[in-house]
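# prediction below, plus the sequence it came from.
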Amino acid sequence: MPHPVESAHWHPVAALADVQAQPVAVQLLDQSLVLWRDEAGAVHAWADQCPHRGARLSLGRVCAGRLECPYHGWQFAPSGQCVRVPALPEFVPPAGHAARVFAVQLWCELVWVCLQPGAAGASSAQDPSEVNGDPAAQALPQFEAEADARLRKLNCGPYEVATSAPRIVENFLDMAHFGFVHEGWLGARDTPEIPDYQVASTATGLVATGCKARQPQSNLHSTRGALVEYRYEVSGPYTAVLTKVPEAGSTTVQDWRESIALFICPMGPEHSRVWFRLAVADFATDDAQLQAFQHTIFTQDQPVLESQRPACLPLDVRAEAHTAADKASAAYRRFLRQAGIRFGTC
C-alpha cells in the first residue's frame, strides 16, 4: 500500500445519493475506485481495475446484482469474486479471479472508504463506534452534533479544489483571514484583531477553545454585527469541526448555534474534494438558503487556497513564517508530522 498511514483512515469519497443504479468512479489517495450497489442496496468500493486485462470497471454496468466489466463481460459478485466469464460458459473462476475490495461505511449521507487491508465496514452503519476490523484501521471521525436531535443536518458540496487537503484544514482553523477574505461577512478590516485562545493536543489532532471574532454577519440569520465564540476540533488528518455561538440577541433565531464539519477526500496530493456537514438550530429555512450561505463563504476561500505555494502543506517550521495568531495551525502541523501523515504535505 503506497500510503500506509493515510490508508488506515476513513475518507469520504462520494455523496450516498450519487451512488445509484450504475457504477461511479472516484479517486482516493491516488487510487482509482469504483462504487456500486448490489441488489440488496449495499454499497461496495473496489479498485477500478478488472483483474483480467485492467479495464476500468466503472465503465461497466450492474446487472442481476453483479458488476460487469465493459471489456469482456466478466461478472463479479458483491464479494469481489468473478462468477461468470462469457467466453467460457462452463468455466468456474478460481479465487484469484477477483476484484480488489475495500471497506465501506455510510455516515453523514456520505460514502466513506478505508484502503487498509483487512479493515471491516458495514454499509448500513451510521455510528462511528460500529466500525470494527483490523486494529490498525482508525475509527471514523467524530461529529458529536450528528447525534443532537435539536439540530438539523444537511450537506454542502462537493467542491473540487486544486490544493492539498491539509491546506484546506489549516484554512478552516484560521481566524486571522476573516477580515480580508470574508470582509463584510465573517470579519472587517478595521477590526482584524484575534484575541488569545487556547490549543490542546488530542489523540486525533487538537482542540482550540476560547476563540473569538467580531463578525458583521456570522450566519444566515444575523441581524447585526456580533462577537462570536468558536471552538475548533481536528478529529482526523483531513477532518475538522467548528462550533460557533454568536452573542445573544444578534440573530432572528432564538438560541442560535451551529456546528460545521469539514470532510475532505484527498484525491491526489494537490487535488481534493470537500464537503461541509451543517448542524444548525433551524428547521424552517430551505436547504438551498442554508447551503447558499456556506457556499458564499467557501467560494471566497477557494481562490486563495488554490493560489498558495506550495500547494502541499510544509511541515518544516522554517518553511513559512508564523505568529501567535497561528497557533492552531501550528498545532495541526505538529500533529500531522507526529502522526506520519505525508500525503498532501511537504
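Perfect, thanks for sending it.
# which phi and psi values does the residue located most distally from the centre of the chain adopt?
For the chain, the residue at maximal distance from the C-alpha centroid (Cα atoms, centre = their mean) is E90, at 44.8 Å. Reported as degrees, to the nearest 10, the phi and psi values for E90 are phi -90, psi 0.
# and it, what's its pLDDT?
Per-residue pLDDT puts E90 at 96.
# mind checking how far A203 is from V13?
Going from A203 to V13 by Cβ to Cβ, to the nearest Å gives 24 Å. (Each C-beta comes from the backbone N, C-alpha and C, glycine too.)
# now do the buried residues in the helix or strand encompassing Y332.
Element membership of Y332 [criterion: DSSP states H and E] is helix 327-339. For helix 327-339, a neighbour-count test (16 or more other Cβ atoms under 10 Å) marks 327-333, 335-336, 339 as buried.
# could you do stretch 89-107 as well?
93, 97-99, 101-107.
# filter these down to the ones in strands?
Among these, the residues falling in strands (DSSP state E) are 101-107.
# biggest separation within those, which pair?
Within these, V101 and W107 form the most distant pair, 19.2 Å apart (Cβ to Cβ).
# sorry, back to before: from the buried residues of stretch 89-107, pick the one nearest V43.
Comparing the buried residues of stretch 89-107 against V43 with Cβ to Cβ places V104 closest, at 5.4 Å.
# that closest one bridge partners, please.
V113 (DSSP bridges).
# that one touches L115, doesn't it?
No - between V104 and L115 there is no contact, the gap being 11.1 Å when judged by Cβ atoms under 8 Å.
# need the longest helix for the protein.
When the chain is parsed with DSSP state H, its longest helix is helix 287-307.
# packing partners of it?
Applying 3 or more Cβ pairs under 8 Å, 6 or more residues apart in numbering; DSSP states H and E, one finds that helix 287-307 contacts strand 152-161, helix 165-173, helix 178-181, strand 271-280.
# give me the most central residue, this protein.
Centre-nearest of the chain using Cα atoms, centre = their mean is F263, 2.2 Å out.
# who's in contact with that one?
Listed by Cβ atoms under 8 Å, 6 or more residues apart in numbering, the contact partners of F263 are 12, 108, 110, 141, 238-239, 274-277.
# picking up where we left off before, can you lay out the buried residues of stretch 89-107 as TSV showing distance to H72?
What follows is these, written out as TSV (distance: Cβ to Cβ, whole Å):
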residue	distance to H72
P93	12
H97	12
A98	15
A99	14
V101	20
F102	23
A103	28
V104	26
Q105	32
L106	31
W107	36
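# I'd like to know how many residues surround V26.
22 (other Cβ atoms under 10 Å).
# can you classify the spatially closest residue to R337 that is not a sequence neighbour by secondary structure?
Spatial nearest neighbour of R337, excluding adjacent residues (Cβ to Cβ, 6 or more residues apart in numbering): L315 at 4.7 Å. Under the three-state scheme (DSSP: H, G, I helix; E, B strand; the rest coil), L315 adopts coil.
# over to the one 10 residues further on?
With three-state DSSP as the basis, the three-state label of A325 is helix.
# coming back round to it: now distance to R189 too, for the ones in strands among the buried residues of stretch 89-107, in TSV please.
Putting those into TSV (distance: Cβ to Cβ, whole Å) gives the following:
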residue	distance to R189
V101	53
F102	47
A103	48
V104	46
Q105	43
L106	43
W107	39
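# re the thing from before, other SSEs contacting the helix holding Y332?
helix 165-173, strand 198-202, strand 205-215, strand 226-236.
# now with 6 Å, please.
helix 165-173, strand 198-202, strand 205-215 (3 or more Cβ pairs under 6 Å, 6 or more residues apart in numbering; DSSP states H and E).
# quick one: the residue nearest to R337 and A47, what's the gap?
From L315 over to A47 the distance is 30 Å, taken as Cβ to Cβ.
# got the buried residues for stretch 20-30?
Applying 16+ other Cβ under 10 Å to stretch 20-30 flags 23-24, 26-29 as buried.
# kindly report the same for stretch 243-259.
In stretch 243-259, counting by 16+ other Cβ under 10 Å, buried: 243-246, 250-251, 253, 256-259.
# rewinding a little: farthest-apart pair in the buried residues of stretch 89-107, please.
Spatially, the most separated pair among the buried residues of stretch 89-107 is P93 and W107, at 33.5 Å (Cβ to Cβ).
# re the thing from before, of A203 and V13, which one has the most company?
Neighbour tally, A203 and V13, criterion other Cβ under 10 Å: the higher count belongs to V13, 24 against 7.
# neighbouring strands for the strand or helix carrying that one, and are they parallel or not?
Assigned by DSSP H and E, V13 belongs to strand 10-15. Using DSSP bridges, the strands paired with strand 10-15 are strand 110-114 (antiparallel).
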